[in-house]
Each structure stands twice: as C-alpha cells, then as structure tokens.
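Asker: Build the 3D model from these lines:
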Amino acid sequence: MGGAYLHCGVAMMESIALPAPDFLERWLCWAQWVKTPAAVPQPCSAPRAAWEFEQLVRTEPESAWQAIVQAFSDPRFDGHHDLLVAGPLEELLSLHGELFIERLESLATQNACFAFALSGIWGLLMSEAVFGRVQGVWARRGWCEQGAWGDLR
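Answerer: Numbers count the residues shown, from 1 in each chain. Below you'll find the predicted structure:
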C-alpha cells in the first residue's frame, strides 16, 4: 500500500510497509475505546493494540514512522492525533529522534494538521536537540491551547 493522500489540504506521499494489514485498524479501535469506552462495547484487543504500536516503535522504527504518517493521512484518525503524538510519535522521537527529525520537520512544514498536533509532545525522554527542533516546527497554537486539556495555561 502507498501513494498520495490529500489531507488537510496537503498532498502527502509515503511508502507504507506495515507489519499487518489491520494494524492501524486495531489501533484506531483502541483509540476510540480509550476516549469513549461506552461507544465501543468490545475493547477490540485494546491493550494489545497499544502494546503492538509500542513494540513497533522499539523494534521497527521505520514501520512505526510509516504507520504514524499513514494515520495522519486518514481522516478517521483526526480525533486521535493527540494519542498519536503523545504516544507512539513521542516515544519514536525519544528513542530514534536523530533518525526521524528531518522527516518530521519536512512533514510539519507541508501539513498544518501535523504541525498543529506536534504541540502535544512534551519531550518525554527526548534529547534537548531533538525536542528543540520539534518545537521549531510545531504550530504556535496547538491542541493543548485549544481546550483538549482544559485551562492548563
């Protein structure tokens, strides 16, 4: 699977090689369950889907990056960008930041939705150099400031 996607008014191109065809479907089900458990009666392997993404970040970082890019190109994930950036993407940058920071910077300059979501990254265990570069491309007004976390600032 791969090709061009139009999302948030920006064409995105990435070659996708995921470990299983339904990987992102399971993660999306987990994300929906996390946010609204009553709306998803079966947890749809919820804990396993989150664990799989964590393992993918640790053992196959390139596949994890591809999955994150694919999720950002799919409108079904729009309500779950916060979970993507504060989870798999933040961990990916903490463990493998130097390998992915240039691609992240490029995508953030091309895709306003991606740049907007990046403000949800707190730095976790990221190097100061990588986190500084993330801060350099994130949208000035991110989802934290837009009310997702209430009045924290």
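Asker: helices or strands up against the helix or strand V34 falls within?
Answerer: Element membership of V34, judged by DSSP states H and E, is helix 23-35. Under the contact definition 3 or more C-beta pairs under 8 Å, 6 or more residues apart in numbering; DSSP states H and E, helix 23-35 sits against helix 46-59, helix 61-72, helix 81-84. No exception for glycine: its C-beta is placed from N, CA and C like everyone else's.
Asker: low pLDDT regions in this structure?
Answerer: For the chain, applying pLDDT under 70 flags the ranges 1-21, 40-47, 140-153.
Asker: for this structure, longest helix please?
Answerer: helix 90-110 (DSSP state H).
Asker: Which of the residues in that helix are classified as buried?
Answerer: For helix 90-110, the neighbour count (16 or more other C-beta atoms under 10 Å) marks 90-97, 100-101, 104-105, 107-108 as buried.
Asker: hmm, which two among the residues you listed are most spread apart?
Answerer: Greatest spacing in the buried residues of helix 90-110, by C-beta to C-beta: L95 and A108 (19.3 Å).
Asker: what separates the most centrally placed residue in the chain from A38, distance-wise?
Answerer: Of all residues in the chain, the one closest to the mean position by C-alpha atoms, centre = their mean is L84, 3.1 Å from it. According to C-beta to C-beta, to the nearest Å, L84 and A38 sit 22 Å apart.
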